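**Student:** Fold the following and give me the result.
(2 chains)
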Amino acid sequence: MTLTRRSMLTLSVGAAIGVAAGMRTGPAAASAEDAMAKVKEFAGGAEPATGTITLDAPEIAENGNTVPISVSVDSPMTDDDYVTSVAIYADGNPSPEVITFNFTPLSGEASATTRMRLAKTQNVIAVAKTSKGGVFMDKKEVKVTIGGCGG
Amino acid sequence: MATVKPRVKVPKSASAGEVITIKTLISHPMESGQRKDKEGNPIPRKIINKFTCEFNGQTVFSCDLDPAVSANPYLEFTAKVNEAGTFKFAWVDDDGSVYTHEQEIALK
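**Tutor:** Down below sits the predicted model:
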């Protein structure tokens, strides 16, 4: 095969894409698919609806080591209708799981706040499950200036 | 091992049926297992993986933590107070140690 200008171009473009893709995945980063798979597992096959749940996260986090996030779900929190758990996932961290909050009717409200690590700019996903079988999801993109996974 | 000191903020009193906010903070490195030391050896994971809050023996709130939670994990949540009693907080470490704290609340 002779190398024409055109074939050289396609080759180099291909190589560049390969390199870029390699850099993006990194050694051990979760992908959006991994995170969504976790969401599905948590939801138990149900399709998460939007609304009812609110995830609060900063638009830009200067320090990925401590990113404040809070989640709240609209629920009467009575004995027969309450939010059982809320799971938080991040789709660009080495592993997508962040934290799972388990509520009871004694919680009064289905809301919680914590601080999390974000390795890079990525989506943070919150999924809530209710005692009546409802599944709700909210998603926020957080831009990270300094990553928070060490190394 | 560095001393692990839990700090909890619970209102001193509440009216019956009131939903109060509880804030907790515990000093802990939450070593993720992702980092490497100067020689390039991975630092083993050591995190608090579970937190529970009980009120008069009944679970109010609990959570499962993963390495993505920041060092010195901070948790803020709510609890409905129907009677006077004691809140019991417990943090479970990867190595099996449990750090506990208790706080009483009175009715107004």
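
**Student:** Identify the bridge partners of residue A:115.
**Tutor:** Listed by DSSP bridges, the beta-bridge partners for residue A:115 are residue A:68.

**Student:** residues contacting it?
**Tutor:** A:66, A:67, A:68, A:69, B:69, B:70, B:73, B:74 (C-beta atoms under 8 Å, 6 or more residues apart in numbering or on different chains). In short, each C-beta sits where N, CA and C put it, glycine included.

**Student:** Count the residues that sit near the first one.
**Tutor:** By other C-beta atoms under 10 Å in any protein chain shown, 18 other residues sit near residue A:66.

**Student:** do the fifth one as well
**Tutor:** By the measure other C-beta under 10 Å, the count of residues near residue B:69 is 28.

**Student:** still on that earlier bit, out of the contacts of residue A:115, who's the most crowded?
**Tutor:** residue B:69 (28 neighbours).

**Student:** Give me the pLDDT for residue A:32.
**Tutor:** Note on residue A:32: pLDDT of 83.

**Student:** Kindly provide the distance from the nearest residue to it once chain neighbours are set aside to residue A:138.
**Tutor:** In this structure, residue A:32 finds its nearest non-sequential neighbour in residue A:91, 4.5 Å apart by C-beta to C-beta, 6 or more residues apart in numbering or on different chains. Distance of residue A:91 to residue A:138, computed by C-beta to C-beta, to the nearest Å: 14 Å.

**Student:** Quickly list what's touching both of those two.
**Tutor:** residue A:125.

**Student:** Mind checking what secondary structure the most far-flung residue of chain B relative to its centre has?
**Tutor:** Largest separation from the mean C-alpha position in chain B: residue B:39, at 33.1 Å (C-alpha atoms, centre = their mean). When classified by DSSP: H, G, I helix; E, B strand; the rest coil, residue B:39 comes out as coil.

**Student:** The closest residue to residue B:92 other than its chain neighbours is in what secondary structure piece?
**Tutor:** With C-beta to C-beta, 6+ apart as the criterion, residue B:92 has its nearest non-adjacent residue at 4.1 Å, and that residue is residue B:50. If you go by DSSP states H and E, residue B:50 is part of strand B:48-55.

**Student:** Identify the neighbouring strands of that strand in the sheet and state each direction.
**Tutor:** strand B:58-65 (antiparallel), strand B:85-93 (antiparallel).

**Student:** got the buried residues for stretch B:20-29?
**Tutor:** Across stretch B:20-29, burial judged by 16 or more other C-beta atoms under 10 Å in any protein chain shown covers B:20, B:22, B:24, B:25, B:26, B:28.
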